[in-house]
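Visitor: The sequence and its predicted three-dimensional model are supplied below.
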Amino acid sequence: MRCSRAAVAAVLLGAVGAAACGDAKAPAVVTPTTPPVADASRWARRADLLQANSEMSVAELDGLVYVIGGYPSTRVSSVLVQVYDPAADSWRAGPPLPVALNHTMSAAVNGVLYVIGGQTEAGGDGPFVNTVYALDPRRGTWVTRAPMPTARAGGGAAVVNGRIYVAGGRPPRGNDFAVYDPAADRWQELPQLPTQRNHVGVVSIGGSVYVVGGRVGAGFDTPTLDRVEAFDVAAARWNAMAPLPKPRGGVNAIVAHGLLHVFGGEGNPQAANGVFPDHDVLDPARNAWVHLPDMPTPVHGVTGAAFVNGVIHLPGGGISSGGSSGSTIHQVYRPATSYP
């Protein structure tokens, strides 16, 4: 049942703080039998999307949430850009993409939104693209920037020091790793991702890019992974981190208060819909995972999320395995600043 505005406001009240992120220690996994601290009432709902969607990318820019491309249950790629204003709890259509795309990677840098790669049709074989489109909301139009070194879809993007790092992709591009400098409009290929994979969570914490989970093959029914690998930008080196408590593909990941939250994903043999409800959080300082209460509606196929005014926004996503179950649901979660 959908919450009222008043109920949502009451649920989402809470203190917002900051947690420091230290150097990673030896891998350890913490999976308590009873999830600690977090209360399921931290979850709530906000206004539904304009269009049901999955296999899209999500980014935050200037306090607004952007949902880019993807497709509804028809599996027909979309040019629609959906823009959410948290203050008004409302969606509007933004400038449409120049080309209908799904499985893109997106990030915002210095007031500009970048949409990278993706594919024009549904299916594990693409066709994939290497295009980069940039949107300055003040101008309201997309412009084409320098293309990626390789065409790929189903990877993830994260920002470190004003540069966009793009990792992974559907076969045969699962090891690809490159960085884009928006100021110079130039790409550089970097040491390959050690574990080839796609439908991953990609985030940045401090000076490192984390790549979380994913799957090895083009389709949703291929083996999934629990691997977490972090690229130290300064050292230009990959490091193995504590693995996810469960292997999952199609996960959604975001950093809030210096902690890495991972939601949902595909490949759940215990669920009729094949989707994980799991919500896990990694403390990089301890390199340890804590399992939290399940998300209310398990989803997959959302690349990226938005953390705005102390609230994580998880818009859309597939509610059963595969690409034919895109939803309009817009779930939100107010994270704690620390977990035991």
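Guide: Looks like it arrived, so ask away.

Visitor: Tell me, how many residues neighbour residue 191?
Guide: By other Cβ atoms under 10 Å, 11 other residues sit near residue 191. C-beta coordinates here come from the backbone N, C-alpha and C atoms, glycine included.

Visitor: Torsion angles phi and psi at it?
Guide: Taking degrees, to the nearest 10, you get phi -50, psi 130 for the backbone angles of residue 191.

Visitor: ok, it touching residue 177?
Guide: Yes: Residue 191 is within contact range of residue 177, at 6.7 Å (criterion: Cβ atoms under 8 Å).

Visitor: if I look at the two, which residues touch both of them?
Guide: The contact sets of residue 191 and residue 177 overlap at residue 231 (Cβ atoms under 8 Å, 6 or more residues apart in numbering).

Visitor: Run through the neighbouring helices and strands of the helix or strand where residue 57 lies.
Guide: For residue 57, the host element (DSSP states H and E) is strand 56-61. Applying 3 or more Cβ pairs under 8 Å, 6 or more residues apart in numbering; DSSP states H and E, we find strand 56-61 packed against strand 64-68, strand 105-109, strand 112-116, strand 302-303, strand 306-308, strand 311-315.

Visitor: Please name the residues that touch residue 253.
Guide: Residue 253 makes contacts with 156, 201-203, 210, 212, 260-263, 305, as judged by Cβ under 8 Å, 6+ apart.

Visitor: nearest spatial neighbour of it, skipping sequence neighbours?
Guide: Of all residues not flanking residue 253 in the chain, residue 201 sits nearest, at 2.7 Å (Cβ to Cβ, 6 or more residues apart in numbering).

Visitor: how much space is there between that neighbour and residue 255?
Guide: To residue 255, residue 201 is 10 Å away according to Cβ to Cβ, to the nearest Å.

Visitor: between those two, which one's more packed in?
Guide: Each of residue 201 and residue 255 has its neighbours counted (other Cβ under 10 Å); residue 201 has more, 30 against 21.

Visitor: Check whether that one really touches residue 158, as I assumed.
Guide: No: counting by Cβ under 8 Å, residue 201 does not reach residue 158; the two are 9.5 Å apart.

Visitor: Please enumerate the shared neighbours of the two.
Guide: With Cβ under 8 Å, 6+ apart as the test, residue 201 and residue 158 both reach residue 210.

Visitor: Skipping its backbone neighbours, what lies nearest residue 144 in space?
Guide: Excluding its sequence neighbours, the residue lying closest to residue 144 (Cβ to Cβ, 6+ apart) is residue 133, at 6.2 Å.

Visitor: For the helix or strand where that neighbour lies, which strands pair with it and how are they oriented?
Guide: Following DSSP H and E, one finds residue 133 within strand 132-136. Strand 132-136 has the following sheet partners, assigned by DSSP bridges: strand 112-116 (antiparallel), strand 141-145 (antiparallel).

Visitor: and the last one, what's its mean pLDDT?
Guide: Same thing as strand 141-145. Computed over strand 141-145, the mean pLDDT rounds to 97.

Visitor: That one: what's the following helix or strand?
Guide: Counting by DSSP H and E, the next helix or strand C-terminal to strand 141-145 is strand 156-160.

Visitor: From the rest of the structure, what touches that following strand?
Guide: Against strand 156-160 from outside (Cβ under 8 Å, 6+ apart): 57, 105-109, 114, 116, 164-168, 200-204, 207-211, 233, 253, 303-304.

Visitor: Generate a PyMOL selection restricted to the buried subset of those residues.
Guide: Those of the contacts of strand 156-160 that count as buried under 16 or more other Cβ atoms under 10 Å are selected in PyMOL with:
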select buried, resi 57+105+106+107+108+109+114+116+164+165+166+167+168+200+201+202+203+204+208+209+210+211+233+253+303+304
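
Visitor: Now do the helices in the protein.
Guide: Remark: helices assigned in the chain by DSSP state H are 5-12.

Visitor: Give me the below-cutoff pLDDT ranges for it.
Guide: For the chain, the stretches with pLDDT under 70 are 1-41.

Visitor: State the number of residues packed around the nearest residue to residue 331 once chain neighbours are set aside.
Guide: Using Cβ to Cβ, 6+ apart and skipping the chain neighbours, the partner closest in space to residue 331 is residue 314 (4.5 Å). When neighbours are defined as other Cβ under 10 Å, residue 314 has 25 of them.

Visitor: got it, and residue 183?
Guide: Using other Cβ under 10 Å, residue 183 is surrounded by 9 other residues.

Visitor: Just list the residues touching it, thanks.
Guide: Each residue near residue 183 by Cβ under 8 Å, 6+ apart is listed here: residue 162.

Visitor: how much space between it and residue 146?
Guide: Distance of residue 183 to residue 146, computed by Cβ to Cβ: 12 Å.

Visitor: mind listing what residue 70 touches?
Guide: Neighbours of residue 70 in contact, by Cβ under 8 Å, 6+ apart: 53-57, 77-78, 102-104, 301, 316, 326.

Visitor: switch to 10 Å and redo it
Guide: 51-58, 77-78, 80, 82, 100-104, 118, 301-303, 316-318, 323, 326 (Cβ atoms under 10 Å, 6 or more residues apart in numbering).

Visitor: And for residue 303?
Guide: By Cβ under 10 Å, 6+ apart, residue 303 lies in contact with 54-59, 68, 70, 102-106, 118, 153-157, 199-202, 250-253, 317.

Visitor: Quick one: buried ones out of those residues?
Guide: Buried members of the contacts of residue 303, scored by 16+ other Cβ under 10 Å, are 54-59, 68, 70, 102-106, 118, 153-157, 199-202, 250-253, 317.
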